[in-house]
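> next comes the sequence, and after it the predicted model I'd like to discuss.
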Amino acid sequence: MKLTGTDILRLIPQRNPFVMVDEFEATGDNAAQTALYVRTDNLFILPGGTLTETGLIEHIAQSAAALAGYQQKDQAHPQIGLIGEVKHFECLRRPKAGHLVRTTITFVFSMGNVALVEGRCCIGDEVIANAKLKMFMQ
Amino acid sequence: MTRLFIHIYTYFRNHRPVCWLSLVALFAFFGYYAAQLHLEEDINQLMPSSKNEDGTTKLAFANLKIKDKVFLLFEATNGQGAAAPLPCRGGVGGGVSNLTSVCDEFVDSLLSRDSLSHGIGDVFYRIDEDLLPDGIDYLTEHLPAYIDTSAYAAIDTLLTREHFTRQMAQNRSDLTGEFGSMFPELVQMDPMGMRKILVQSLTPPKERGVDSSASEASDSKGDYSPLLWRGAGGEAAHFLVPDSTVCIAFITPEYSATNTGQGSTMFRMMNELIAEFAVAHPDVRISYHGTPASGFYNSTQIKHDLTTTIAGALVLVLLFLLCCFRRWDTIPLLLLPVAFGTLFGLAVMYWLKGEFSLLALGIGGVVLGVALSYVLHILTHHQYVSDPVQLLRDQVKPVLLGCITTIGSFAGLLFVNTDLLRDFGLFAAFAILGTTLFSLVYLPQLLSEKTTLHSSLKVIDRLNTYPFDRKKPLIVAILGLTAIAICAYFIGGTHFDADMHNLGYDHPMVKHSENLLSSKTYTGDKAKYFASQGRTMEEALDHFALLDHTLDSLQRLGLVKSYTHTNQLMVPLKTQQQRIDAWRHFWNPERLQTVRRLIAETAPQSGLRPEAFEPFFEIATADYEPDALYEAGIIPEGYLSTLMEQSYDGTWLCFTSVRCANDSVRSTDSDYIRICDAVSSNPHLMVLDTYYYTTDNLLQMSRDFDVLQWLSMAFVFIVLLVSFRFRWQHTLLGFAPILLSWLIVLGVMNIFGQQFNLISIIISTFIFGIGVDYSIFVMNGLVHGNLHYHKTAVLLSAIILIVTVSSMLLAVHPAIRSVGFSTLVGLISAVILSYVLQPAVFRWLNLHNI
């Protein structure tokens, strides 16, 4: 089931203009597909219309938060999570305004309030970024 | 010789312009080169250069950065810090957070002020929060390299169902615990709990305090104990002593400690800042110490002593001379030759060396006193004899003789294996030569024809005419005292203080800082650096194994209390490869299959998914390459430089900090010296303590010096013998005061329990030189019947020198002060002997001869 718009807001604590997940679809117990339309009003956009690397990391983190929120029973009050560590972040290309970034999120391991997350961002079939994040849920 | 100088005199008399022009030209010439001379201060130059048996330099300590570290201490003065229960945990108690914030603020403002001069190379005052994750990442990628091959036997015993059941429960609690939730990957890759075995093998009795950074770094190798340096609230962690009352920062100056010119800017800046912070944060006391700080305060103190005591003495001397001669124009006449001699000496030093030690210059000030005495001889003589030709006829021989023998007595220094002493000897010799030549060539030209004997000189004259040498009780008393002193010498011998520490000046703040750190960290234990060396870092690490072995066996004996196991952090590539092979060999498919089965059986019991431990199988089967940690850029620069360093000649050194009992400073059977002896017996290992290597050399040097002193005595004796045309009696009589005053100095030093050090050894040559001069002049006077003139000059010069030397007793710097005592004794005995005994014996001899 693909979630969009205000449905996303039930999964993550972020609010506009900071929301960086436009679509969410769970693909397994510990995996999901998300998407981000890069728009010129994004907070992480450079003057030339390019999304920064930091923006990509935030997008991956919010995607992970959405997955965590989806797994949670009480979806009315999404948990606040923190990025504990960014590991092996690799950015092959930065998306530009108008691009649709599709991201695959996997919880490699989760225990207590910690989750090790793997994220992969694509534009079309092209992989543009990879990252491993460590997330802490409050 | 006399004829030559009279020729020059008459030539200049008839060609005045040539005389003046050449005078100005020579002043300008030597002045120009003297001004080029670079004055610097490095107390280490007093050290004899230590050589290996094959002639290679053992170690140029001056070029090691580790020696240049400055310890900056922030001390809570109101005792607040003690309230914090946990050591080294930034931001726990109010006192600690105050300390660390003052530390941050201080370092920040120091660095911003330094942005112009760039005197600070690196300040290591906190550990970046990235260090731990980076360290764990690195460990994950190179795990096998840090598992000692001996650990596998223990690991093998873990592969049982019982252990796995227990360990899985432990894993679960670790994962939900503070550290495990931060780094779950460490638990994931270690289902059977190898970490416990690793921690045991890697943690010797831990170093705390300053070297807590060492144990902290080893923490990142898999220690799960609460990490001491994790700042609360994500703050970077600081270095605190165990009771949290002192916060420490380590400064590596950009310039070496020997370069005090550049270093002093940094210390002046720090002193300003400390003064400001003392106002802003009265509850935190900031102090610092370290070799560069000592160097800075030493050179400042020497400069200060020179300008106050010596300059003050000079003013007194000039006033005194002014009173005696009652003529203003005498003062420039007195000073001109000495100024010329100084410039000449400095210019020669510039040509020979290019640089000169301030300390040598300071002591050289005394030499100028000797030089002054030649000028005085000529000037006082001029008071009696107005004709310059007659003056030259009377004076050339004794002045030149005095000059040659004085230089001869300094010549002993030229053969001593210490730069500073050699420099001093050279400078003294050339300064005296310059002054003497000037006094004989130009001074007569400057003297006015008509002279009158002034009343003040008459006072001295009256003193002179008093027949001291006919007073039997006086002579007996002097003979008695001399005999006592000489006996004392023969009973006690000479004592040489080889501990160079006693020659350095310790500023109260530096001393406070040093004591504070040692009392807070090691409860008074000594912490000393040892090193292994090699042409490459790998070779140095290989040799470190020897050091490790030596220190380990010493630790078993109880001599070494603990030491940093640098080789556990910096594993040699060869060892890494062996360990990687062992890892591969150990995790064969059968064992991996066992682990997989055990995980599948036991993990669910503790509520863990077996897949969670998949990372273990990744690391068990991954390919590993040995990797040099020191090149990985993970260890902070400020800490890495306490573990290893490339010295000036490309040699790599790998350090360890050793803790041992701080027993009596210098006895050959102290724990420290025994450790040093054990370590330094291996050619690849060394003690990072100049004093250890130089003590033997210093003792050897003082023995050499004894021989040299007797040799130069023999030289002086021969010169006297020749100049007195082989009249044995005169020669012996001239020589007796020299020998006696030397023996008296040795004896008196013994009676008062004073020891010779490097500096007073220099001065002993000077006493010797002065004694030579006095007895030559008196002897000359006795033989030629013009004793009267000479006695006046001797007395004047003695008074001047006694004032100068006494002023040195008021100096603060111990090296300069130590000069005072022995010199004063030597001077006074030389004057009395040649003034009273020499004429008495001379007359006695004549009576018996006739």
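Thanks, I have the structure now. Values in this document were obtained by computation on a predicted structure and should not be read as measured data. Residues are numbered from 1 along each chain as shown, chains lettered A, B, ... in the order given.

> what are the ranges of the strands in chain B?
If DSSP state E is used as the criterion, the strands of chain B fall at B:38-40, B:70-76, B:120-124, B:126-127, B:237-240, B:246-253, B:284-289, B:355-357, B:526-534, B:560-563, B:644-646, B:652-660, B:685-687.

> which other helices and strands does the shortest one contact?
For strand B:126-127, the contact count by 3 or more Cβ pairs under 8 Å, 6 or more residues apart in numbering or on different chains; DSSP states H and E identifies helix B:94-117, strand B:237-240 as packing neighbours. Any C-beta I mention is one placed from the backbone N, CA and C, and that applies to glycine too.

> write out the residues of the stretch 601-750 of chain B neighbouring chain A.
Residues of the stretch 601-750 of chain B lying close to chain A (Cβ under 8 Å from any Cβ of the partner chain) are B:Leu608, B:Ala612.

> neighbours of A:Leu92, how many?
Residues near A:Leu92, counting by other Cβ atoms under 10 Å in any protein chain shown, number 10.

> still on that earlier bit, let's have the helices and strands packed on strand B:126-127 in JSON lines, adding mean pLDDT.
JSON lines is the format used below for these (pLDDT from 0 to 100):
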{"stretch": "helix B:94-117", "mean pLDDT": "80"}
{"stretch": "strand B:237-240", "mean pLDDT": "76"}
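
> tell me which of those sits nearest to A:Leu100.
Nearest to A:Leu100, of all those, is strand B:237-240, at 43.7 Å by Cβ to Cβ.

> just checking, next helix/strand downstream of the worst-scoring helix or strand of chain A on mean pLDDT?
In chain A, the helix or strand scored least confidently by mean pLDDT, DSSP states H and E is strand A:2-4, which has a mean of 81. Downstream of strand A:2-4, the first helix or strand assigned by DSSP states H and E is strand A:23-28.

> CA atoms of that next one as PDB?
Output in PDB follows, covering the C-alpha atoms of strand A:23-28 (Å, rounded to 0.1, in the frame of the first residue of the first chain):
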ATOM      1  CA  GLU A  23       5.900   8.400  -1.100                       C
ATOM      2  CA  PHE A  24       6.200   5.400   1.200                       C
ATOM      3  CA  GLU A  25       5.500   1.800   0.500                       C
ATOM      4  CA  ALA A  26       6.500  -1.100   2.800                       C
ATOM      5  CA  THR A  27       8.000  -4.000   0.800                       C
ATOM      6  CA  GLY A  28       8.700  -6.400   3.700                       C
END
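
> hmm, back to that, from the rest of the structure, what touches the least confident helix or strand of chain A?
A:Leu11, A:Asp22, A:Glu23, A:Phe24, A:Glu25 (Cβ atoms under 8 Å, 6 or more residues apart in numbering or on different chains).

> let me see the contact set for the residue nearest to the spatial centre of chain A.
In chain A, the centroid-proximal residue (Cα atoms, centre = their mean) is A:Ser63; its distance is 2.4 Å. Neighbour list for A:Ser63: A:Val21, A:Phe24, A:Ala32, A:Thr34, A:Thr103, A:Ile105, A:Gly119 [criterion: Cβ under 8 Å, 6+ apart].

> how close does the nearest residue in space to it that is not next to it in sequence get to chain B?
Closest residue to A:Ser63 apart from its sequence neighbours, by Cβ to Cβ, 6 or more residues apart in numbering or on different chains: A:Thr34 at 4.1 Å. Noted for A:Thr34: a distance of 23 Å to chain B, by Cβ to the nearest Cβ, to the nearest Å.

> ok so, going back, please narrow the contacts of A:Ser63 to those residing in strands.
Per DSSP E, the subset of those in strands is A:Phe24, A:Ala32, A:Thr34, A:Thr103, A:Ile105, A:Gly119.

> from those residues, which is closest to chain B?
Taking Cβ to the nearest Cβ as the measure, A:Gly119 is the one of those closest to chain B, at 16.5 Å.

> excluding its backbone neighbours, what's nearest the residue located most distally from the centre of chain B?
Here chain B reaches farthest from its C-alpha mean at B:Glu601, the gap being 66.8 Å by Cα atoms, centre = their mean. Leaving aside its sequence neighbours, B:Glu601 sits nearest to B:Arg161 (Cβ to Cβ, 6+ apart; 6.7 Å).

> surely the residue nearest to A:Ser63 and A:Thr27 touch.
No. Using Cβ atoms under 8 Å, A:Thr34 is not in contact with A:Thr27, being 10.2 Å away.

> these two: which is more packed in?
A:Thr34 (29 against 12).

> give the contact list for the more buried one.
A:Thr34 neighbours (Cβ under 8 Å, 6+ apart): A:Val21, A:Asp22, A:Glu23, A:Phe24, A:Glu25, A:His59, A:Ser63, A:Ala66, A:Arg102, A:Thr103, A:Ile105.

> next one: B:Lys69
Residues in contact with B:Lys69 (Cβ under 8 Å, 6+ apart) are B:Phe250, B:Ile251, B:Thr252, B:Gly290, B:Thr291, B:Thr642.

> tell me where the model's unsure across chain A.
Judged by pLDDT under 70, chain A has its weakly predicted residues at A:73-76.

> return the residues of it in contact with chain B.
Residues of chain A lying near chain B by Cβ under 8 Å from any Cβ: A:Gly84, A:Glu85, A:Lys87, A:Phe109, A:Met111, A:Gly112, A:Asn113, A:Val114, A:Leu116, A:Lys134, A:Phe136.

> how many residues are close by the first one?
The reference is to A:Gly84. Neighbours of A:Gly84 (other Cβ under 10 Å): 18.

> then the fifth one?
Close neighbours of A:Met111, defined as other Cβ under 10 Å, add up to 21.

> so it makes contact with B:Ala612?
Yes. Using Cβ under 8 Å, A:Met111 is in contact with B:Ala612, at 7.2 Å.

> now do the same end-to-end measure for stretch B:602-616.
Stretch B:602-616 has an end-to-end distance of 15 Å (Cα to Cα, to the nearest Å).

> what residues does it touch?
Under the criterion Cβ under 8 Å, 6+ apart, residues A:109, A:111, B:161, B:164-165, B:167-169, B:171-172, B:175, B:185, B:188-191, B:595, B:599-600 lie in contact with stretch B:602-616.

> show the buried residues in the contacts of strand A:2-4.
A:Leu11, A:Asp22, A:Glu23, A:Phe24 (16 or more other Cβ atoms under 10 Å in any protein chain shown).

> for the last one, give its distance to B:Pro683.
So that's A:Phe24. For A:Phe24, the distance to B:Pro683 equals 69 Å [Cβ to Cβ, to the nearest Å].

> find the nearest non-adjacent residue to B:Ala169, please.
Leaving out its chain neighbours, the residue that sits closest to B:Ala169 by Cβ to Cβ, 6+ apart is B:Ser606, at 5.0 Å.

> run a quick neighbour tally on the one you found.
17.

> is the nearest residue to A:Gln33 once chain neighbours are set aside in a bridge, and if so with what?
Computed as Cβ to Cβ, 6+ apart, the closest residue to A:Gln33 that is not its neighbour in sequence is A:Glu25, at 4.8 Å. When assigned by DSSP bridges, A:Glu25 has beta-bridge partners A:Lys2, A:Gln33.

> A:Ala31 is in contact with A:Glu25, correct?
No. Between A:Glu25 and A:Ala31 there is no contact under Cβ under 8 Å: 10.0 Å.
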